[in-house]
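*Asks:* Need coordinates for the following:
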Amino acid sequence: MTQLKEVLLAIPEELAKDPKALHEAVYRDFSASSTERTFIYTVEFQPFCAVLVRSDRIDARLGANSLAPSYDPQIDTYDFRIIASPVKRAGNGRNKLRALNFGPVDFDGRRDWLGRQGERHGFTLEGEIEVSTQAIRIAHHGNMIIDRSIFQGQLRVTDHTAFGQAYATGIGRNKAYGYGLIQLFQQ
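*Replies:* Numbering: from 1, shown residues only. A predicted model of the protein is given here:
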């Protein structure tokens, strides 16, 4: 794996609350080209509005402020936080599958989704997983509604290669809007 770096940048609250404008700003500042995304990011609202960006291409002007990522392949168990956009697949009557948001109180469905992501990406969930959620409206392609779910708990890495890839590139859908970055905290 290439050497990843993280940078936490304070942003205006208005920008943090406008997913489309934030998406455009982050892509403008961090994309290597118009067709290649070489970073993953998430938005934090507490204790101040900020964007956390992880990439192997944090440039020199931000390098002095960069943080060392928290994933260590020698460690198997972490506390984690993931802001994701979980979806379920459903038929639309013509034998085609489409992505649907979970219902507003379907916390078990969201936990199951994260468990399936773990199986694909080299981790298992340990103990109780906290889930909170809200719907985010984005004025893009009509009025797109994204389910913003925050997962917190403990995970155990079972496949360091698969997990390292997920840590670098994120999990789930809507990564372009700041979803899917895995934040780790050593116990």
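*Asks:* Beta-bridge partners for residue 55, please?
*Replies:* Residue 55 has these beta-bridge partners by DSSP bridges: residue 5, residue 39.
*Asks:* Run through the residues that contact it.
*Replies:* 4-5, 30, 38-40 (CB atoms under 8 Å, 6 or more residues apart in numbering). C-beta here means a position set from N, CA and C on the backbone, and glycine is covered the same way.
*Asks:* okay, those residues in TSV with distance to residue 170, pLDDT and neighbour count next?
*Replies:* Shown next, in TSV, are the contacts of residue 55 (distance: CB to CB, whole Å; pLDDT from 0 to 100; neighbours: other CB atoms under 10 Å):
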residue	distance to residue 170	pLDDT	neighbour count
4	12	84	19
5	16	84	20
30	14	81	21
38	12	81	14
39	10	88	25
40	4	90	25
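*Asks:* Below-threshold pLDDT in the protein: ranges please.
*Replies:* For the chain, residues meeting the criterion pLDDT under 70 lie at 1-2, 32-35, 59-66, 89-105, 137-143.
*Asks:* contacting residues for residue 157?
*Replies:* By CB under 8 Å, 6+ apart, the contact set of residue 157 is 75-78, 122-123, 163.
*Asks:* Residue 179 now?
*Replies:* Contacts here follow CB under 8 Å, 6+ apart; on that basis residue 179 touches 42, 83-85, 146, 148, 170, 172-173.
*Asks:* switch to 6 Å and redo it
*Replies:* 83-85 (CB atoms under 6 Å, 6 or more residues apart in numbering).
*Asks:* For stretch 72-81, what is the distance to the chain centroid?
*Replies:* Centroid separation for stretch 72-81 versus its chain: 16 Å, with CA atoms, centre = their mean, to the nearest Å.
*Asks:* Pull up the gap between the closest residue to residue 57 other than its chain neighbours and residue 10, please.
*Replies:* In space, and not counting its chain neighbours, residue 57 is closest to residue 38: 5.1 Å by CB to CB, 6 or more residues apart in numbering. Separation of residue 38 from residue 10 (CB to CB, to the nearest Å) stands at 22 Å.
*Asks:* Residue 15 in helix, strand or coil?
*Replies:* Look at residue 15: counting by DSSP: H, G, I helix; E, B strand; the rest coil, its state is helix.
*Asks:* who touches it in this structure?
*Replies:* Residues in contact with residue 15 (CB under 6 Å, 6+ apart) are 21-22.
*Asks:* Residue 76 now?
*Replies:* 156-157.
*Asks:* Tell me where this protein has strands.
*Replies:* Taking DSSP state E to define them, one finds strands in the chain at 5-10, 39-44, 50-55, 77-84, 87-91, 97-101, 123-139, 143-157, 182-186.
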